[in-house]
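**Student:** Pasting the sequence and the predicted coordinates here, then a few questions.
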Amino acid sequence: MPRRIYTYADGMGWNFWNMVETIGSFVIALGILVFLANVAISRRRGEIAGNDPWDARTVEWLTTSPPPPYNFEEVPLVTARDELWHRKYVGGDDRRPVRVPAGASADHPASGPGAAAVTPGAEPVHGPGHGGHSAIHMPSPSYYPLVASAGLPIAGWGVMAGGAPQVALLALGGLILFAGLFGWVLEPSAEESH
């Protein structure tokens, strides 16, 4: 189909599909307008969403919203498939989540070969390197990933180039990529502060 409507005659068979396309563009524009109106109204009159606006079931909603760059300061203890739901709605006297296996309820625990075993008072076990807590190891700030990522497009240009520049760019990009990866792997990690 030519770009300009006036360049094709009336009987070429494009009239119907051009009308469908035009109606579709107006429907899309109307949808965008409704979305922008919703944003403006919600911004002016809506209440601020909390950390768990969806009444979610899973662990990723345990942290604040927006989440910090590290997500959790410590690895959360997960005792059930829908951990956050169990923390919010089902709890024992000691305020720990009570596991409710599939096909059961808090009042009627499941039994038999498919039932989940729950050990009362169970705590997470950590190796001696953790010092009794499960802090998340954060990587040290490093420039080596940036160096490695700079070598990859240079090597890619070498693959696309022809003749003598092909070998030179491929070799240069490969060297930069290898140097970045080598430095990244052998870089000493900074001491964690707790």
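**Tutor:** The structure has been received and is ready for your questions. All figures in this text were calculated on a predicted structure; none of them were measured in a lab.
**Student:** In this protein, mark out all the helices, start to finish.
**Tutor:** 15-45, 83-89, 144-160, 164-186 (DSSP state H).
**Student:** What are the buried residues along the third one?
**Tutor:** When you say that, I think you mean helix 144-160. Neighbour-count burial for helix 144-160, counted by 16 or more other Cβ atoms under 10 Å, picks out 144, 147-148, 151, 154-155, 158. Where you see a C-beta, it was placed from the backbone N, CA and C, and this is true even at glycine.
**Student:** tell me the angle of that helix relative to helix 164-186?
**Tutor:** Angle, helix 144-160 to helix 164-186, by axes from the mean of the first three to the mean of the last three Cα atoms, to 10 degrees: 160 degrees.
**Student:** please begin residue numbering at 48 from this point
**Tutor:** In the new count, where the first residue is 48, that last one comes out as helix 191-207.
**Student:** residues in contact with helix 191-207?
**Tutor:** Residues outside helix 191-207 that contact it (Cβ atoms under 8 Å, 6 or more residues apart in numbering) are 212-228, 230-231, 234.
**Student:** Give me the buried subset of those residues.
**Tutor:** Applying 16+ other Cβ under 10 Å to those flags 216-217, 219-220, 223-224, 227, 231 as buried.
**Student:** pLDDT and distance to W101 added to those, as a markdown table?
**Tutor:** Formatted as a markdown table, the buried ones among the contacts of helix 191-207 follow (pLDDT from 0 to 100; distance: Cβ to Cβ, whole Å):
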| residue | pLDDT | distance to W101 |
| --- | --- | --- |
| L216 | 92 | 49 |
| L217 | 93 | 49 |
| L219 | 95 | 49 |
| G220 | 95 | 45 |
| I223 | 97 | 44 |
| L224 | 96 | 42 |
| G227 | 96 | 40 |
| W231 | 91 | 38 |
